[in-house]
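Participant: Based on what follows, work out the 3D shape:
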Amino acid sequence: MNERRQISITTRITLFTAVVVSLLCGLVAIVLMIAIHRFATESLIDEITADGGRVSTQVERGRVAYPLAQNPFRNLQVIDSQGRVVAATPKMRGRPPMATFTPGSRKVATSVVCGGDFPAGECNIVVAQWAHRPEGNSIVYGATPVIAPWVDPRLAALVGGGTVLLAAAITYIGRRIATASLRPVTAIRAELDEINSTSLGRRVPVPSSDDEIHDLAVSVNHTLGRLQGAVEQQRQFASDASHDLRSPIAAMRAEVEDALLAPQETSVTKLGRTVLGGLERLQAIVHDLLTIARLDAGSPGAHDPVDLAELVATECRMRHHLRARCEFSLEPGVMVIGDRLRLGRLLTNLLDNAERHADSTVTVTVRHAPGDECDGRRFPRGVAVLEVVDDGPGIDPDKRELVFQRFARLDAARNKDTGGTGLGLPIARQIAEAGGGTLRIEDSPRGARFVLCLPLYEDAVAPLASELRERSSPVRGPERPR
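Facilitator: So this is what the prediction gives:
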């Protein structure tokens, strides 16, 4: 089955222009012909009135000169007070009065008379005028055929031809304008057809005109730039993931090969522990990759009220074997809306990172803050702030954004942290942004200070305000054993 071909935009615009212009030009032509016809009719009535007035003056003086009319198409009759025709042009001699109406109280009256003394099917404009005589008033009738609606065939042809030419010219100009206006769109489409995965750096041409097509081209280029960045990020991500997956696999292969080459120098227990360590690292990387994939796909999470203070306390109680001491300062009633499992994963990643880099202590703080405190963003109902601070070497200001890139680990982190996947902090930030919040690193006297901001759960704002008035100091949590 042949697919139905859609009419192009240029053709649609041309057809629309042609129809509208034809209607408008036709209407203008009709109005013009009506105006010319009315003007010609009024001029003709003035001529008839003038001829009749001349004869009326002769009648009043008692001297009627022949011929009564110089125009062969003009017919005149003089009717005396007795209703008899006393004078007439040659065509009207011997015939009864051409009309029966009188001027009445006016000096002149006009009417259109069809048939009667005139040929069948012919209508004439008749003008009646009084001629005052001592023995009685007479009536002078003047008549001439009505003007046709087209006035004159040559005039009608001129107006009609001009209308057609004008409509055709405007339609042609409209098509040229539409074609010229859509030419940049054709160039944009042709360039887009050429762009593929191997030429992501190409951009569509931006027209110099300041119009909607210019804005479209700019938006398309911005979109292509974002797509290029996303594709490059995916490629880099795949490369980094392959590298990080290859490292533990290579280590396990080396251990197994060494064991096969020198079985007397190893044991099943030692080999199993080595391989198990590599498998655990592989499992952690794969788990993080699955989490990243779900977040990138925009997989929706739960939208439940979560008490941040309770979540921190629960997480700290579950961490029994901490290398660093955990201290926390929790403000009660700080409620947010979100997915408890994802928020727990975010907190776990922050605590794991802080523990790996802390010298002795990790401090966690949960508090309520005004809506404009976090990163210049406005949170109308206030913001929940969670801070995780360690007393380690800290992060240089120019490298604070680098740690949120996937598989990015600083040199100090690589030396100190051999088990990290490089995905914990990127996952944490992605979870924060998916919940409408922010995660960043701020200045700290010592170590790294991670600050999480989330919008408050609106139903918890009112009770939180009354509770804050009753409490003068935050709750101090116990120190956890090392």
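
Participant: do you know how far Q233 is from T266?
Facilitator: Noted for Q233: a distance of 42 Å to T266, by C-beta to C-beta, to the nearest Å. Every C-beta, even on glycine, is put in place using the N, C-alpha and C of the backbone.

Participant: what about those two, which has more around it?
Facilitator: Shown here are Q233 and T266; by other C-beta atoms under 10 Å, T266 has more neighbours (16 against 13).

Participant: what's near enough to touch that one?
Facilitator: By C-beta atoms under 8 Å, 6 or more residues apart in numbering, the contact set of T266 is D258, A259.

Participant: Kindly list the main-chain dihedrals of it?
Facilitator: Dihedral angles of T266 (phi, psi; degrees, to the nearest 10) stand at phi -140, psi 180.

Participant: try Q405
Facilitator: phi -90, psi 150.

Participant: What is the neighbour count of the residue nearest to G26 when sequence neighbours are not counted?
Facilitator: Nearest residue to G26, sequence neighbours excluded (C-beta to C-beta, 6 or more residues apart in numbering): T163, at 6.4 Å. By the measure other C-beta under 10 Å, the count of residues near T163 is 20.

Participant: mind checking how far T163 is from V31?
Facilitator: The value you get for T163 to V31, if C-beta to C-beta is used, is 11 Å.

Participant: Return the list of helices and strands in contact with the host helix or strand of V20.
Facilitator: Assessed by DSSP states H and E, V20 sits inside helix 9-61. The contact analysis (3 or more C-beta pairs under 8 Å, 6 or more residues apart in numbering; DSSP states H and E) places helix 9-61 against strand 75-79, strand 108-114, strand 123-131, strand 138-145, helix 153-194.

Participant: which outside residues touch the strand or helix carrying V336?
Facilitator: Counting by DSSP H and E, the element that carries V336 is strand 335-338. The contact list for strand 335-338 (C-beta under 8 Å, 6+ apart) reads 301-308, 343, 384, 435, 454-457, 459-460, 464.

Participant: List the contacts of the residue nearest to T171 when sequence neighbours are not counted.
Facilitator: Nearest residue to T171 in three dimensions, chain neighbours excluded: A18, at 4.4 Å (C-beta to C-beta, 6+ apart). Counting by C-beta under 8 Å, 6+ apart, A18 makes contact with A167, T171, G174.

Participant: could you dump the residues you listed to a markdown table with neighbour count?
Facilitator: Listed next are the contacts of A18 as a markdown table, based on neighbours: other C-beta atoms under 10 Å:
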| residue | neighbour count |
| --- | --- |
| A167 | 21 |
| T171 | 20 |
| G174 | 19 |
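
Participant: just these now: which is nearest V78?
Facilitator: Nearest to V78 among the contacts of A18: A167, at 51.9 Å, using C-beta to C-beta.

Participant: Quick check: the gap between that closest one and D304.
Facilitator: A167 sits at a distance of 68 Å from D304 (criterion: C-beta to C-beta).

Participant: give me the number of residues near the nearest residue to E60 once chain neighbours are set aside?
Facilitator: Leaving aside its chain neighbours, E60 sits nearest to A131 (5.3 Å; criterion: C-beta to C-beta, 6+ apart). A131 is flanked by 21 other residues according to other C-beta under 10 Å.

Participant: Kindly state the beta-bridge partners for A131.
Facilitator: Beta-bridge partners for A131, by DSSP bridges, are S138.
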